[in-house]
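Colleague: Just a sequence and a predicted model for now, questions to come.
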Amino acid sequence: MAVRIRLTRLGRKKKPFYRIIVADSECKRDGKFLDVVGTYDPLKDPAAITLDNAKLQDWLGKGALPTATVKSLMKKAAASVQ
């Protein structure tokens with residue numbers, strides 16, 4: 001079972017809101033997931049990114065791989081903290 005850290009879409013039409021989740025790579029985009037590690041709201045200015053770093057580091061330590069989009073969000077969140 002390959003575990004990925006990816007986005008799942010919430011919100012209504014034309015008003016997206018995303019959760020950053022940990023899920024099996026074969027599950028659907030909005031399907032079953034293992035854990036929620038953060039959120040991403042692209043409609044705010046600047047875009048709001050919240051991450052639970054303890055959960056995120058735990059899943060990365062277990063071998064979960066982030067998607068390219070989540071990897072860029074992690075970099076943006078780390079840059080905004082410093």
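Modeller: Perfect, I can see it now.
Colleague: Could I get the contacting residues of the residue nearest the centre of the chain?
Modeller: Nearest to the geometric centre of the chain sits I20, at 2.1 Å (C-alpha atoms, centre = their mean). Residues in contact with I20 (C-beta atoms under 8 Å, 6 or more residues apart in numbering) are 5-7, 36-40, 51, 70, 73. To be clear about C-beta, it is placed using only N, CA and C from the backbone, and glycine gets the same treatment.
Colleague: I'd like to know how many residues surround N53.
Modeller: 13 (other C-beta atoms under 10 Å).
Colleague: and it, how far is that from R9?
Modeller: 23 Å (C-beta to C-beta, to the nearest Å).
Colleague: about what we covered before: I'd like the contacts of I20 laid out as a markdown table, including distance to K28 and pLDDT.
Modeller: Converted to a markdown table, those look like this (distance: C-beta to C-beta, whole Å; pLDDT from 0 to 100):
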| residue | distance to K28 | pLDDT |
| --- | --- | --- |
| I5 | 16 | 95 |
| R6 | 11 | 94 |
| L7 | 13 | 95 |
| V36 | 16 | 95 |
| V37 | 18 | 95 |
| G38 | 20 | 95 |
| T39 | 19 | 96 |
| Y40 | 19 | 96 |
| L51 | 23 | 93 |
| V70 | 17 | 95 |
| L73 | 21 | 94 |
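Colleague: Would you mind checking those for buried ones?
Modeller: Buried members of the contacts of I20, counted by 16 or more other C-beta atoms under 10 Å: 5-7, 37-40, 51, 70, 73.
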